[in-house]
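Visitor: The following comprises the amino acid sequence and a computationally predicted model.
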Amino acid sequence: MITPKPLLSALQKRGLLLEVDRRARCNAQPEVDAPLRKDYDAAREKGRTGLTYNAWRDEELTQIAVAWILAGVFVRFLENNELIDVPFLAGGNAARHQRAQDEHSLFFRQHPTASERDYFEHVFNTVGQLPGMKDFFDRRHNSLWRVGPTADAAKALLEFWRKTDPDTGRIIHDFTDPSVSGKSECRMPKPDIKRSPWWKLRGKLDVPKEHWLIYPGAEREGDPSPVIAWAGWDHAQQAQGLAAYCIDASQNRDWASEKLKPLLAGLVDLLPWLKQWHNEFNPDFSSGLGDYFAGFLDEEARKQGTTVEALNRFRTR
């Protein structure tokens, strides 16, 4: 069964380790850093960022580390619930766990000079070729392909996914979901899935309409009502709503910088997802939304006498 709180804490720590690892790899290997430097120069030339290269790269590396964690979570969920026939990272029972180890051994017999990083990329490529998986692992839109971890960090990540409880022998991070585990309709093309009875019970974006996001401290003067947004909004919708609220509070309500900073920090929190999922060219913004809001944050932070880096630290307090 999935245990959200311990899992989230463990994934956050693993994500930070991957971020630090990639930074060190970029610093040590100019050929790995070069594509990022090229992207940065293009962003600067188009006025999409005012950050220094290191600050900009740190944001990109955070996004890439998150993409690797999410990809691993996705594969593990598919494996544990037997939604794919062959497990690659680990399994929900002893037999499938052994099968995953066998797949790992087979890969290295066929590729004796490969590293654990190569194995992960093989896994992501293979799963990405299955029905319905192509978009998730698309090289054009998923940032996990931009900079891989070192071989040592990839090995540590695989050990993380496979770690077992010494007392029970069970996988520590179990992604089994009884509501979907082993259900054949999860393997069907989308039209068949949508005809199944359980699909009709799902809300828009799988978020019940009574679930909301709340922004503490954003209440208007004289109105103690909490400022809320529907939890079903995607990251682009959240960012546009939050930015509009920030602009109104700054220009029409004369809010002090200290009250605006939590709102801007909320935008910083959305930025990696905007860059990952919403950065295709948008004619309404004359750029991708990730690049647009990166520039918006640079400008708003400057107006409030701070920096995006400081807002990021504010967000993590």
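Guide: Received it, and whenever you're ready, just let me know what you need.
Visitor: Where does pLDDT dip in the chain?
Guide: Residues of the chain meeting the criterion pLDDT under 70: 1-4, 179-212, 230-232, 314-317.
Visitor: What ranges does it have for its helices?
Guide: 4-28, 30-45, 53-80, 94-110, 116-128, 151-162, 190-195, 235-251, 257-277, 289-303, 308-315 (DSSP state H).
Visitor: Can I get the fifth one as PDB, trimmed to CA atoms?
Guide: Listed next in PDB are the C-alpha coordinates belonging to helix 116-128 (Å, rounded to 0.1, in the frame of the first residue of the first chain):
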ATOM      1  CA  GLU A 116      23.200   2.200 -14.200                       C
ATOM      2  CA  ARG A 117      22.300   5.500 -15.800                       C
ATOM      3  CA  ASP A 118      22.100   3.600 -19.200                       C
ATOM      4  CA  TYR A 119      19.900   1.000 -17.500                       C
ATOM      5  CA  PHE A 120      17.400   3.700 -16.300                       C
ATOM      6  CA  GLU A 121      17.300   5.200 -19.800                       C
ATOM      7  CA  HIS A 122      16.700   1.800 -21.300                       C
ATOM      8  CA  VAL A 123      13.800   1.300 -18.800                       C
ATOM      9  CA  PHE A 124      12.300   4.700 -19.700                       C
ATOM     10  CA  ASN A 125      12.700   4.000 -23.400                       C
ATOM     11  CA  THR A 126      11.200   0.600 -23.200                       C
ATOM     12  CA  VAL A 127       8.200   1.600 -21.100                       C
ATOM     13  CA  GLY A 128       7.700   4.700 -23.300                       C
END
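Visitor: same for that helix, what does it pack against?
Guide: Applying 3 or more CB pairs under 8 Å, 6 or more residues apart in numbering; DSSP states H and E, we find helix 116-128 packed against helix 53-80, helix 94-110, helix 151-162. The way it works is simple: take the backbone N, C-alpha and C, and place the C-beta from them, glycine included.
Visitor: Now do the buried residues in the longest one.
Guide: Spelled out, it's helix 53-80. By 16 or more other CB atoms under 10 Å, the buried positions in helix 53-80 come out as 56-80.
Visitor: list the helices and strands it packs on?
Guide: helix 4-28, helix 30-45, helix 116-128, helix 151-162, helix 257-277, helix 308-315.
Visitor: What sits closest to residue 287 if chain neighbours are left out?
Guide: residue 48 (6.2 Å; CB to CB, 6 or more residues apart in numbering).
Visitor: pretty sure that neighbour is touching residue 294, no?
Guide: Yes. Counting by CB atoms under 8 Å, residue 48 sits close enough to residue 294 to count as a contact (6.3 Å).
Visitor: and these two? which has more neighbours close in?
Guide: The neighbour comparison of residue 48 against residue 294 (other CB atoms under 10 Å) goes to residue 294, with 25 against 19.
Visitor: isn't the more buried one right up against residue 272?
Guide: No. If you go by CB under 8 Å, residue 294 and residue 272 don't touch, sitting 10.3 Å apart.
Visitor: Good, we can wrap up now.
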